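Undergrad: Curious how this folds, go ahead:
(chains A and B, ligands or ions: 1)
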Amino acid sequence: MSNNVWQCITCGFIYSENEGLPEEGIPSGTKWLDVPDDWCCPDCGMDKSDFEMLLINE
Amino acid sequence: MSLPCIIIGASHAAVQLSFNLRQQGWQHDIIIIGNESHMPYQKPPLSKSIMSQQKSLEEILLKKDEFYQDANIRLMLNTNVTEIDRSTKTIKLANGEVLAYSKLALCTGAIANKISLSDKPLLGVHYLRTAEDAAKIQNQLTHAKNAVIIGGGFIGLELAAAFNQRGVHVTILEAQENILQRVVTSEVAQFISSLHQQHGVEIKNCCIAKRLTGDSYVSAVVCESGESIPADLIIIGIGITPVTTLATKANLDVDNGILINQFAVTSDPNIVAAGDCCSYFHSIYQRNVRVESIQNALDQAKSAAASIMGKEIDFSHNIPRFWSDQYDIKLQMCGLIDGYDNVEVINPQDYGQLSVLYRKDNKLIAAVIINNPLMMKQAISAIANQEAFIH
Ligand SMILES: Cc1cc2nc3c(=O)[nH]c(=O)nc-3n(C[C@H](O)[C@H](O)[C@H](O)COP(=O)(O)OP(=O)(O)OC[C@H]3O[C@@H](n4cnc5c(N)ncnc54)[C@H](O)[C@@H]3O)c2cc1C
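TA: Reported below is the predicted structural model:
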């Protein structure tokens, strides 16, 4: 199964859909599309729109 | 009438704190007071995309004006806070005005360390901490030919890369044996040094700038060795000092930064603090630390907002993280590089990647990773879970 992984272009932070970000209230398995629009990168504060997708097959 | 939450400082920590406070349901006024004249902006691009002219100040604002209006957050810019009176729960502004608070947040950040290398002030000598500093450097860059950067830290190196890309000859003077000595080890320093040298930047290690010469404009740097290096632009990047004056005057606990607990509360329960101005006890590294990074400012701001709302978010186990862009590389760091007993260097065949892993008692405690964000992610979880990180 493939896991969609997204990367912040500014700081390199990685969001993995399989893992989510439980510490920020985003449960594991949350698709990128379902991450709230006002969510910001925890490492640099940039908006969700500043991420791009890396596809990693597992 | 309910009194506002007042936030002093109008940068990364302050803005994050204010919006978090609203999201969590703070009903009363929120006032952010900052002494810079610009709308709050991101600092990292000042030495990156702003210097390389890929972005303008407008494009690096933290939030557009209407966001503050919609969230009913009042911004008082160009305003210096001069005093905190904890007994009356008031603050004083430079114009004498007194404002009362119910909760106060200190997000006063840090300022660039200064040195004086000439008898009289010379034009062409700059520090970089604010948008105003960046604008002055930009102005001069259009006719600069030879830049000398005093101090081989991250900001100096990022500027070196940006100047080099704009056709300016750059010399970096580093007092220690290696650039970045305060933050990383020689494996990383060598990688970054050769990257700069390949682009034509000169790096002089063990070189101490003694004096600047020139009439009104700087014309050269004289080193302790006696060598004179011609320069029409000087950047001094020798670290920062946390801004703790208000806190010290108000008798809050201060120790290499405003001391906060794991919930970002100072020694006064009505005052929180966040960002570069703070120090705290790190629960994984078991010592007091002061971290200078965006992630740290954001994490502490989130905890501070929660504390104001009577909730508890412990940030003290979060792994410090930082990034730096130079030329086409992205360097990422996590953890604190001290007290390690083992260093592993991973230098894959494909040019441009390097990972250096630092372990203690067979557990990963820090990593510097160049051009490999996925490995960075794995390293952060390994440190948090106290694992060795065998890959
Ligand atoms: C050029 C540059 C590049 C950087 N690059 C990176 C990077 O790549 N990655 C990274 O993680 N970090 C980077 N940093 C560090 C990062 O910008 C800081 O960690 C961050 O700005 C800290 O935010 P802060 O809100 O705590 O403090 P600051 O950004 O320092 O803001 C504090 C504000 O408070 C104001 N203030 C202070 N005292 C008063 C007072 N009495 N009254 C009113 N206002 C007051 C100050 O003027 C300032 O505007 C960089 C910093 C610089 C300067």
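Undergrad: drop to CA atoms for contacts and neighbour counts, all remaining ones
TA: Noted.
Undergrad: The closest residue to chain B within chain A sits in which helix or strand?
TA: In chain A, the residue that lies nearest chain B is A:Asp43 (4.3 Å; Cα to the nearest Cα). Per DSSP states H and E: A:Asp43 is located in neither a helix nor a strand.
Undergrad: Give the helix, strand or coil label for the closest residue to it other than its chain neighbours.
TA: Counting by Cα to Cα, 6 or more residues apart in numbering or on different chains, B:Gln295 is the residue found nearest to A:Asp43 once chain neighbours are left out, at 4.3 Å. Assigned with DSSP: H, G, I helix; E, B strand; the rest coil, B:Gln295 falls in the helix class.
Undergrad: What pLDDT is listed against B:Gln295?
TA: Note for B:Gln295: predicted pLDDT of 98.
Undergrad: can you pull the contacts of it?
TA: By Cα atoms under 8 Å, 6 or more residues apart in numbering or on different chains, the residues touching B:Gln295 are A:42-45, B:320-322.
Undergrad: Low-confidence stretches in the chain?
TA: No chain in the question, so chain A it is. Scanning chain A for pLDDT under 70 picks out the ranges A:1, A:56-58.
Undergrad: I was thinking of chain B, sorry if that wasn't clear
TA: B:1, B:349-351.
Undergrad: If we use 80, what do you get?
TA: In the predicted model, chain B carries pLDDT under 80 at residues B:1, B:348-352, B:391.
Undergrad: Quick check: the residue of it nearest chain A.
TA: Counting by Cα to the nearest Cα, chain B gets nearest chain A through B:Gln295, at 4.3 Å.
Undergrad: how far away is the residue positioned nearest the centre of chain A from A:Glu52?
TA: Residue closest to the average C-alpha location in chain A (Cα atoms, centre = their mean): A:Tyr15, at 2.8 Å. Shown here: A:Tyr15 relative to A:Glu52, a distance of 10 Å by Cα to Cα, to the nearest Å.
Undergrad: What about B:His28? Give its phi and psi, please.
TA: phi -90, psi -170 (degrees, to the nearest 10).
Undergrad: any idea where the strands of the stretch 1-150 of chain B begin and end?
TA: Using DSSP state E, counting those that start in this stretch, the strands of the stretch 1-150 of chain B run over B:5-8, B:30-33, B:73-76, B:81-85, B:90-93, B:98-100, B:103-106, B:110-112, B:125-126, B:146-150.
Undergrad: For the ligand, see how far away the residue nearest to A:Asp43 is.
TA: 6 Å (Cα to the nearest ligand atom, to the nearest Å).
Undergrad: Going along the chain, name the strands of chain A.
TA: Secondary structure of chain A (DSSP state E): strands at A:2-8, A:14-16, A:51-57.
Undergrad: could you redo the ones you listed as JSON lines and give each row distance to the ligand?
TA: Below are those laid out as JSON lines (distance: least, Cα to the nearest ligand atom, whole Å):
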{"stretch": "strand A:2-8", "distance to the ligand": "13"}
{"stretch": "strand A:14-16", "distance to the ligand": "15"}
{"stretch": "strand A:51-57", "distance to the ligand": "17"}
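Undergrad: residues in contact with the closest residue to the ligand within chain A?
TA: Residue nearest to the ligand within chain A: A:Cys44 (6.5 Å; Cα to the nearest ligand atom). Contact analysis of A:Cys44 by Cα under 8 Å, 6+ apart lists A:10-11, B:294-295.
Undergrad: what about burial for those, which qualify?
TA: With neighbours counted by 16 or more other Cα atoms under 10 Å in any protein chain shown, the contacts of A:Cys44 contain buried members at A:10-11, B:294-295.
Undergrad: CSV please, covering the residues you listed and showing distance to B:Leu123.
TA: What follows is these, written out as CSV (distance: Cα to Cα, whole Å):
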residue, distance to B:Leu123
A:Thr10, 33
A:Cys11, 34
B:Ile294, 31
B:Gln295, 35
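Undergrad: any idea how far the residue most central in space within chain B is from the ligand?
TA: With distances taken as Cα atoms, centre = their mean, B:Glu292 lies nearest the centre of chain B, 4.5 Å away. Per Cα to the nearest ligand atom, B:Glu292 is found 4 Å from the ligand.
Undergrad: quick one: that residue from B:Gln300, how far?
TA: Remark: distance between B:Glu292 and B:Gln300 (Cα to Cα) = 12 Å.
Undergrad: for B:Leu246, same thing?
TA: Distance from B:Leu246 to B:Gln300, counting by Cα to Cα: 19 Å.
Undergrad: and the two? which has more neighbours close in?
TA: Between B:Leu246 and B:Gln300, counting by other Cα atoms under 10 Å in any protein chain shown, B:Gln300 is the more crowded of the two (32 against 19).
Undergrad: Now that one: closest residue in space that isn't a chain neighbour?
TA: In space, B:Gln300 is closest to B:Ala274, 5.0 Å off (Cα to Cα, 6+ apart).
Undergrad: Tell me, how many residues neighbour that neighbour?
TA: Per other Cα under 10 Å, the neighbour tally for B:Ala274 reads 34.
Undergrad: My guess is it contacts B:Ile294. True?
TA: No: here B:Ala274 lies out of contact with B:Ile294, judged by Cα atoms under 8 Å, at a distance of 10.7 Å.
Undergrad: Pull the residues that contact stretch B:214-224.
TA: Residues outside stretch B:214-224 that contact it (Cα under 8 Å, 6+ apart) are B:121-125, B:148, B:207-213, B:228-234.
Undergrad: Kindly report the residues of chain B close to the ligand.
TA: Counting by Cα under 6 Å from any ligand atom, chain B comes close to the ligand at B:8-14, B:33-36, B:43-44, B:46-47, B:79-82, B:107-110, B:128-129, B:155, B:275-277, B:292-295, B:297, B:322-324.
Undergrad: one more time with 5 Å, if that's ok
TA: Proximity of chain B to the ligand, by Cα under 5 Å from any ligand atom, involves residues B:9, B:11-13, B:34-35, B:43-44, B:46-47, B:80-81, B:108-110, B:129, B:275-276, B:292-294, B:322-324.
Undergrad: Report the contact partners of the residue nearest to B:Asn164 when sequence neighbours are not counted.
TA: Using Cα to Cα, 6+ apart and skipping residues adjacent in sequence, the residue nearest B:Asn164 is B:Val170, 6.5 Å away. Neighbouring residues of B:Val170 by Cα under 8 Å, 6+ apart: B:146-149, B:160, B:163-164, B:200-202.
Undergrad: ok, what's across the strand from B:Val170?
TA: As for beta bridges, B:Val170 partners with B:Ala147 under DSSP bridges.
Undergrad: So it versus the ligand, what's the distance?
TA: To the ligand, B:Val170 is 17 Å away according to Cα to the nearest ligand atom.
Undergrad: How about the contacts made by B:Asn296?
TA: Contact analysis of B:Asn296 by Cα under 8 Å, 6+ apart lists B:275-276, B:320-321.
Undergrad: try 7 Å this time
TA: Each residue near B:Asn296 by Cα atoms under 7 Å, 6 or more residues apart in numbering or on different chains is listed here: B:275, B:320.
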